[in-house]
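Student: Sharing a model that was predicted from the sequence below.
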Amino acid sequence: MTAKSGNTKAMVGVVLVTHGTFGESLLAAAETVMGKQENCLAIGVDVNKGVDETMESIRSAIQSVEQGKGVMALTDLFGGSPTTMSLSLMKSENLEVITGVNLPMVVATLQSRDMTLDALAATAESAGQQGIKVAGAMLRKKAKK
Amino acid sequence: MLLVRIDNRLIHGQIIETWLPYIGAKNVIVANDELANDVLQQEIMSLAIPGTVESSFVTVETLTEAVNGSRSDGSTDDIIILFSSCADAKRAFDSGFDFSVLNIGNVHYSPGKKQVSPSVALSDEDETCLRHLNRKGVELDFRCVPNDPIQARF
């Protein structure tokens, strides 16, 4: 694991931006699988709070996990507020935004944070997609053989 | 069906996932002075709107023109119009944009506001605007998403 000072081996920062407590729980689930993670934060968007206030909490989360290699925002719903708010921070931060976050995506992202931001984004996208299987049908097919 | 809505988030998940299919919208018009001048934010907001649905961003003042111009046959049946505040909705109505039902979706809470439904908190000014519209015959429909029961202690 990377040392806490982290300067010699900087990693891409990760922020989960989601509706409600989804991101928090997702991060907790990922840490159950992988152990405690550094420079990774979850921000829940509460519709009952103002947009400006939420934007500030996303921005400060991004800045606090930034180590010079950029930050990946993993968001839930393409078109939802957590995504659009994250996207609007792209002009001021070194940020990539990936939607459709799931546990396989979070795990793969956290495992490969020494990559460049672009490469990590591609890894996360593919892990997220590959994590989706109609597993029951796969099993039935296998049992038939 | 025409939907006129106040939502401080304008285009977001609730609109895209529920209202768009519910009213079969072909057009989304955002009436917001700030956004009308912010091309980047417009692009971000339109990103997730399905290709079959047109979106436009206009100032509150030019809304009537935009609605009339959005359809060659003059029908306003499948349009969603979004305001970010009660004051904007009142401003549009008073300047001649007529509507009979106003959906109040999300009006976020801040200190001093009164919570009237789970997603709506009103300041005195908000309340004045809504009561004004109500007196002019506009029905107030407090719902976040189509399946919500109509709910408000107003």
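Tutor: Here it is on my side, so go on. Small disclaimer: the values here were computed from a predicted structure and weren't measured.
Student: The residue of chain A found nearest chain B: how many residues sit nearby?
Tutor: Chain B sits closest to A:Gly79 of chain A, with a gap of 2.6 Å, by Cβ to the nearest Cβ. All C-beta atoms are positioned from the backbone trio N, CA, C, and that covers glycine. Look at A:Gly79: counted by other Cβ atoms under 10 Å in any protein chain shown, it has 22 neighbours.
Student: pLDDT score assigned to it?
Tutor: Note on A:Gly79: pLDDT of 93.
Student: right, and it touches B:Gln14 too?
Tutor: No: at 9.9 Å, A:Gly79 does not count as touching B:Gln14 under the criterion of Cβ atoms under 8 Å.
Student: What segments of chain B are strands?
Tutor: With strands called from DSSP state E, chain B shows them at B:3-7, B:27-31, B:54-58, B:79-83, B:101-106, B:114-117, B:120-122, B:139-142.
Student: lowest-confidence stretch among these?
Tutor: Note on those: strand B:114-117 shows the lowest mean pLDDT, a mean of 91.
Student: what about stretch B:17-32, how long is it end to end?
Tutor: Distance across stretch B:17-32, first residue to last, is 22 Å (Cα to Cα, to the nearest Å).
Student: what's the weakest-modelled helix or strand in chain A?
Tutor: The helix or strand of chain A with the poorest confidence is helix A:135-144; it has a mean of 91 (mean pLDDT, DSSP states H and E).
Student: which non-adjacent residue is nearest the closest residue to chain A within chain B?
Tutor: Nearest residue of chain B to chain A (Cβ to the nearest Cβ) works out as B:Ala48 at 2.6 Å. Excluding the flanking residues, the one nearest B:Ala48 by Cβ to Cβ, 6 or more residues apart in numbering or on different chains is A:Gly79, at 2.6 Å.
Student: quick one: contacts for the one you found?
Tutor: Neighbour list for A:Gly79: B:Ile11, B:His12, B:Gly13, B:Ile16, B:Glu17, B:Leu47, B:Ala48, B:Ile49 [criterion: Cβ atoms under 8 Å, 6 or more residues apart in numbering or on different chains].
Student: what's the most distant pair in the residues you listed?
Tutor: B:Glu17 and B:Leu47 (14.4 Å; Cβ to Cβ).
Student: follow-up on the earlier one: make CSV out of the strands of chain B and add mean neighbour count.
Tutor: What follows is those, written out as CSV (neighbours: other Cβ atoms under 10 Å in any protein chain shown):
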stretch, mean neighbour count
strand B:3-7, 24
strand B:27-31, 24
strand B:54-58, 18
strand B:79-83, 25
strand B:101-106, 22
strand B:114-117, 17
strand B:120-122, 22
strand B:139-142, 17
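Student: Let me see the contact set for residue 46.
Tutor: Just so you know, I chose chain A. Residues near A:Asp46 by Cβ under 8 Å, 6+ apart: A:Gly20, A:Thr54.
Student: wait, chain B
Tutor: Residues near B:Ser46 by Cβ under 8 Å, 6+ apart: B:Ile11, B:Ser55.
Student: Which one of the strands of chain B lies nearest to A:Leu41?
Tutor: Smallest distance to A:Leu41 across the strands of chain B (Cβ to Cβ): 24.9 Å, for strand B:101-106.
Student: what about the closest one, near chain A?
Tutor: Yes: using Cβ under 8 Å from any Cβ of the partner chain, strand B:101-106 comes into contact with chain A via B:Asn106.
Student: Which strands or helices does that strand pack on?
Tutor: strand B:3-7, strand B:120-122, helix B:124-135, strand B:139-142 (3 or more Cβ pairs under 8 Å, 6 or more residues apart in numbering or on different chains; DSSP states H and E).
Student: elements contacting the longest one?
Tutor: Packing contacts for helix B:124-135, counted by 3+ Cβ pairs under 8 Å, 6+ apart, involve helix B:86-94, strand B:101-106, strand B:139-142.
Student: Now do the second one: distance to the chain's middle.
Tutor: Taking Cα atoms, centre = their mean, to the nearest Å, one finds strand B:101-106 lying 7 Å from the centre of the chain it belongs to.
Student: Which strands border that strand, and is each parallel or antiparallel?
Tutor: Strand B:101-106 has its sheet partners listed here by DSSP bridges as strand B:3-7 (parallel), strand B:139-142 (parallel).
Student: Mind putting these into CSV with distance to A:Ser126?
Tutor: Converted to CSV, these look like this (distance: least, Cβ to Cβ, whole Å):
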stretch, distance to A:Ser126
strand B:3-7, 35
strand B:139-142, 43
